[in-house]
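Enquirer: Fold the following.
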Amino acid sequence: MCGNVLRSTGVCVRWRQSPSLAAAGEPGQWGVTPETQRLLLHWRDADRDRKLFLCQREAVETLIWLTEVEPKAYRKQIEDANAETNPGLYQLACKMATGAGKTTVMAMIIAWHAAIKANFLARSEKEKKDAERAEAGKVAEAQAKEMFDQLNWYATKKWGDNWSNARQYDLVRFAQVITNALRSDGVLSSNDTHDIKLMAAALSAKLIFGVNSAECQASLKKLQDRRN
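Expert: Numbering: from 1, shown residues only. All right, here's what the predicted structure looks like:
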């Protein structure tokens, strides 16, 4: 229940009559969602073909203020009022005179809810994709570290600590060969860290020491034992 006192006095009316809102400027200061900002601008547009009555905007803007700007301001009073007639059901209502255009107000409220829901779903999907990309980035980083650690271990054993500076071409070539082989094997998709480590070790030993080397044979045996 929303008393008419909210529509004519107090912080709600000060918000509605603030220079930024009244002049349709500085939307970021209104304390509402981007979707609501656009609707407020549209409803207050002085060039609209069918301008809204003041009481229509006043009613919807009061509901917006109670919902988005100051949701806790009159929460207790509203809950107490609802408890008398609608226990357990939180409702807001604006009392309007006959002929004031209540149907238009209902349409405005529906548009407000629909815009928020549609954009909330869009934002949720974007946030989900962003989170998935971030997680994929972390996985790729961990996989790359496992591959380089194995490559670095075998290369250091053969060429010394400064091998990566002295053999830049080999570093890039070996890393690409190992990555392509792991991707073709499907081990990167499974994200089995231990499997990645063992296969990267076997490939590194093969590239650096040769397929018939003791290092390569030992690492291949570990990989085979793991997969048997």
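Enquirer: In stretch 93-112, which residues are buried?
Expert: Of the residues in stretch 93-112, C94, M96, A100, G101, K102, V105, M108, I109, W112 count as buried by neighbour count, 16 or more other CB atoms under 10 Å. No exception for glycine: its C-beta is placed from N, CA and C like everyone else's.
Enquirer: got these as CSV, with distance to G186, pLDDT and secondary structure columns?
Expert: Converted to CSV, the buried residues of stretch 93-112 look like this (distance: CB to CB, whole Å; pLDDT from 0 to 100; DSSP: H, G, I helix; E, B strand; the rest coil):
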residue, distance to G186, pLDDT, secondary structure
C94, 61, 82, strand
M96, 65, 86, coil
A100, 67, 90, coil
G101, 64, 92, coil
K102, 62, 92, helix
V105, 59, 93, helix
M108, 55, 94, helix
I109, 53, 93, helix
W112, 49, 92, helix
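Enquirer: Tell me which two in the residues you listed are the farthest apart.
Expert: Farthest apart among those by CB to CB are A100 and W112. That separation is 18.1 Å.
Enquirer: if we can go back for a sec, looking at the buried residues of stretch 93-112, spot the one nearest K126.
Expert: W112 (21.2 Å).
Enquirer: what's the spacing between the residue most central in space within the chain and K117?
Expert: In the chain, the centroid-proximal residue (CA atoms, centre = their mean) is E127; its distance is 1.9 Å. E127 sits 15 Å away from K117, going by CB to CB, to the nearest Å.
Enquirer: how deep is N119 tucked in, by neighbour count?
Expert: 15 (other CB atoms under 10 Å).
Enquirer: That one sits in which helix or strand?
Expert: helix 102-159 (DSSP states H and E).
Enquirer: For K117, give me the pLDDT.
Expert: Per-residue confidence at K117 stands at 85 (pLDDT).
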